[in-house]
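**Q** Build me a model from this:
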Amino acid sequence: MAPFFRYTVRSRSDQRKLVVSLPGSLFIVSHSNSRLLRSLPMPFHMPHLILRASTRTIALCLAVVAIAGLLPPAAASAADLEQPPKLVGLATQTFDTDAATYETAVGIAPALRQAFWSLSHDWPNAWAPAELDRIEAIGSVTYVEITSYDLDGLVAGAQDNTVAAMVDTIGGWLAAGTNRQIVIAPLPEANLVDFAWGADPVGYKAGYKRIRAAFRDAGLGPDQVRFVFAMHGTSSPGFSMADFYPGDDVVDVIGFSIINRNNPWHDYDSAFQQFIDEIKGTISQSKPILITQTASVVEDQDRASWLRDMFTNLGAESQVIGFIYFNRIKTEGGKYNDYQVIKDDWIDPAFRDGAVDWASPRGVDWLFDGRMDSWVTAREEAFAGVPYFRDIGDSPFEFDILWLASQGITQGCNPPVNDQFCPTGTVTRGQMAAFLVRALDLPAVSGGDRFGDDDDSVFEADIERLAAAGITAGCNPPVNDQFCPTGTVTRGQMAAFLARALGNQN
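**A** From the prediction side, this is the model:
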């Protein structure tokens, strides 16, 4: 994002003059506060200045950051990075015809095609290159989940020859063409007790790393092969996804699967958001998230609304890069479940419309061409040492909020847990006092009780500091013996706070 404002700093004695030019506005302020005597970095991520001062997001993330003048370049660059594409993949037994129907309706091929290979009996083989060729010809990249029915043997090295045969086959296919890529998820859904390779965090981590190392040792780098930590959304009792995480250094993408079988019906929050929150809160706020398998039955429920909610909400999540849809019919527990959104030349309109909105030709290249690595690095820098707020993933001000938290200016909005920021909530005058005090590092004051209505406020000490610094005069002129700590900050009040905080000489 190109800078859209200009600033100059002129010295006169111990003052500096800041000239900020915004579309239709010019603000000129002078200040001498020692914490403010810093050059504003470029580019400065400030889309609006007190245009909507009633929201926590803009009032805190923009106005306070503007006051402090401390936004580090890392946070700005993270926010301004090209955002990931939203990818749609298919898991289907009739991929050729389903992909053709999808491409006709959406305008591009599915980004990913899910495949399932086993170390126990699939290698060596002659059919894998042909399958990869067919998927490539359609314009998709293969996402393959690799299983092993002998996890102990894999970890001990007893399957090394089988792994080597797999690496040779895939490596040979990659080398035989140009710009060929594959995404691999070793030992999927290992947080379930249902599988031979499941319910063993130590064994899973060792097996995952052994498979990955075989590819990397063969010279197959991240421009050709990416690795996914693929769990099930719901872990078996006694386990969590984080128990199995093998480490940031060996994971490129974090994934989870979840199917809406209507037992009970899962809305967006129970199908997706709770697991996205779990990943962000316990594993990583930096790695991209792929829903490695999802689908929904119909069964007299409104699947169209479910699909629309999925596209809308996953599309708003900055860390989510897409999903793979399980477009199949499956008998489960004696029940016939039809998950199909594509049948022959028909495609569910809600699925089609969402896929069209997400369509990004060759968006999957983002995983392999270095852009993902830059995006992850920027997020790692922005999130370092920052508490997790589970309600900011769909906010355009996510990185501003993160910076505020990293500077100790905000701690959250739901104490004592403080895992939320409430980005669309309003700001009270008491809260604004606390934010300004923290941002400006105002000194403590002793004695005095400037206002009579803040004795029961948790922000009383902050209000006294703000008053001592001359940033607030009160809320009931001309007497001004009250602060109105629970009142909402208006646009006019915000202007006054900013002008006084910055030492406006006008």
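**Q** Helices of the stretch 51-200 of the chain, residue ranges please.
**A** If DSSP state H, counting those that start in this stretch is used as the criterion, the helices of the stretch 51-200 of the chain fall at 56-58, 65-68, 73-80, 95-106, 128-138, 151-156, 160-175.
**Q** Where does pLDDT dip in the stretch 351-500 of the chain?
**A** Across the stretch 351-500 of the chain, no stretch falls below the confidence threshold (pLDDT under 70).
**Q** From residue 127, how far out is the nearest residue to residue 174 once chain neighbours are set aside?
**A** Ranked by Cβ to Cβ, 6 or more residues apart in numbering and with sequence neighbours excluded, the top spatial neighbour of residue 174 is residue 180, at 4.7 Å. C-beta here means a position set from N, CA and C on the backbone, and glycine is covered the same way. Shown here: residue 180 relative to residue 127, a distance of 17 Å by Cβ to Cβ, to the nearest Å.
**Q** Next, give phi and psi for residue 326.
**A** Residue 326 has phi and psi values of phi -80, psi 90 when expressed as degrees, to the nearest 10.
**Q** Same question for the one 5 residues further on.
**A** Dihedral angles phi and psi of residue 331 (degrees, to the nearest 10) take the values phi -90, psi 120.
**Q** From what I see, it and residue 338 are in contact.
**A** No - with contacts counted by Cβ atoms under 8 Å, residue 331 stays clear of residue 338, the gap being 10.3 Å.
**Q** In terms of neighbours, single out the busier of those two.
**A** Under the neighbour definition other Cβ atoms under 10 Å, residue 331 and residue 338 were set side by side, and residue 338 has more, 13 against 8.
**Q** OK, contacts around that one?
**A** Neighbour list for residue 338: 297, 298, 329 [criterion: Cβ atoms under 8 Å, 6 or more residues apart in numbering].
**Q** Residue 200 versus the first one, what's the distance?
**A** Taking Cβ to Cβ as the criterion, residue 297 is separated from residue 200 by 31 Å.
**Q** Over to the last one?
**A** Here residue 329 is placed at a distance of 32 Å from residue 200 (Cβ to Cβ).
**Q** These two - which one has more neighbours?
**A** Residue environment comparison for residue 329 versus residue 200 gives the larger neighbour count to residue 200, 20 against 11, counting by other Cβ under 10 Å.
**Q** Name the nearest residue to the more buried one, sequence neighbours excluded.
**A** Setting aside the residues directly before and after it, residue 200 is nearest to residue 151 in space (Cβ to Cβ, 6+ apart), at 6.2 Å.
**Q** That neighbour: what's it in contact with?
**A** Counting by Cβ under 8 Å, 6+ apart, residue 151 makes contact with 187, 196, 197, 200, 203, 204, 207.
**Q** Of these, which is the nearest to residue 342?
**A** Out of these, the one with the shortest distance to residue 342 is residue 187. That distance is 28.7 Å, counting by Cβ to Cβ.
**Q** So the residue nearest to residue 174 sits against residue 225, correct?
**A** No - under the contact definition of Cβ under 8 Å, residue 180 does not touch residue 225, with a separation of 9.9 Å.
**Q** Between these two, which is the more surrounded one?
**A** For residue 180 against residue 225, the residue with the higher neighbour count under other Cβ under 10 Å is residue 225, and the figures read 22 against 18.
**Q** so that one makes contact with residue 185?
**A** No - under the criterion of Cβ under 8 Å, residue 225 makes no contact with residue 185, lying 11.5 Å away.
**Q** shaky segments in the stretch 101-250 of the chain?
**A** Under the criterion of pLDDT under 70, the regions of the stretch 101-250 of the chain flagged as low confidence span 122-124.
**Q** One more pass at 90, please.
**A** Low-confidence segments of the stretch 101-250 of the chain (pLDDT under 90): 120-127.
**Q** coming back round to it: what about the contacts of residue 151, which are in strands?
**A** Secondary structure of the contacts of residue 151 is defined by DSSP state E; no position falls in strands.
**Q** Ignoring the adjacent residues along the chain, who's closest to residue 346?
**A** In this structure, residue 346 finds its nearest non-sequential neighbour in residue 101, 7.3 Å apart by Cβ to Cβ, 6+ apart.
**Q** residues in contact with stretch 210-219?
**A** 146, 154-155, 157, 160, 163-164, 166-168, 170-171, 184, 186-187, 225, 227, 250.
**Q** List only buried entries from those residues.
**A** Members of the contacts of stretch 210-219 that pass the buried threshold by neighbour count (16 or more other Cβ atoms under 10 Å) are listed as 146, 154-155, 163, 166-167, 170-171, 184, 186-187, 225, 227, 250.
**Q** Between the residues you listed, which sits nearest residue 135?
**A** The shortest approach to residue 135 among these belongs to residue 170, at 12.7 Å (Cβ to Cβ).
**Q** ok, now which ones touch that closest one?
**A** Listed by Cβ under 8 Å, 6+ apart, the contact set of residue 170 reads 128, 132, 182, 215, 220, 225.
**Q** burial of the residue nearest to the first one when sequence neighbours are not counted, as a residue count?
**A** Spelled out, it's residue 128. By the measure of Cβ to Cβ, 6+ apart, the closest residue to residue 128 outside its immediate chain neighbours is residue 169, 5.2 Å from it. For residue 169, the tally of surrounding residues (other Cβ under 10 Å) stands at 20.
**Q** thought residue 169 was touching residue 130?
**A** No - applying Cβ under 8 Å as the test, residue 169 and residue 130 come out as separate, 11.0 Å apart.
**Q** ok so, going back, check the buried ones among the contacts of stretch 210-219 against residue 475 and report the nearest one.
**A** Within these, proximity to residue 475 (Cβ to Cβ) peaks at residue 250, which comes in at 56.0 Å.
**Q** joint contacts of residue 180 and residue 225?
**A** Any residue near both residue 180 and residue 225 by Cβ under 8 Å, 6+ apart counts here, and that gives residue 174.
**Q** ok so, going back, separation between the residue nearest to residue 174 and residue 103?
**A** In this structure, residue 180 lies at 20 Å from residue 103, with Cβ to Cβ as the measure.
**Q** do residue 286 as well
**A** According to Cβ to Cβ, residue 286 and residue 103 sit 33 Å apart.
**Q** between the two, who's got more neighbours?
**A** Using other Cβ under 10 Å, the more surrounded residue of residue 286 and residue 103 is residue 286, with 20 against 15.
**Q** OK, contacts around the more buried one?
**A** With contacts defined as Cβ under 8 Å, 6+ apart, the neighbours of residue 286 are 248, 376, 379, 380, 383.
**Q** Compare those residues and tell me which has the most neighbours.
**A** Result: residue 379 is most packed of the contacts of residue 286 (other Cβ under 10 Å), 23 neighbours.
**Q** Who's the closest spatial neighbour of residue 450, skipping the chain neighbours?
**A** Closest residue to residue 450 apart from its sequence neighbours, by Cβ to Cβ, 6+ apart: residue 467 at 4.4 Å.
**Q** the domain parsing of this structure - what is it?
**A** 9-80+381-501, 95-359 (automatic domain parsing).
**Q** Tabulate the contacts of residue 170 (JSON lines), appending distance to residue 477.
**A** JSON lines is the format used below for those (distance: Cβ to Cβ, whole Å):
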{"residue": "128", "distance to residue 477": "78"}
{"residue": "132", "distance to residue 477": "75"}
{"residue": "182", "distance to residue 477": "69"}
{"residue": "215", "distance to residue 477": "71"}
{"residue": "220", "distance to residue 477": "71"}
{"residue": "225", "distance to residue 477": "68"}
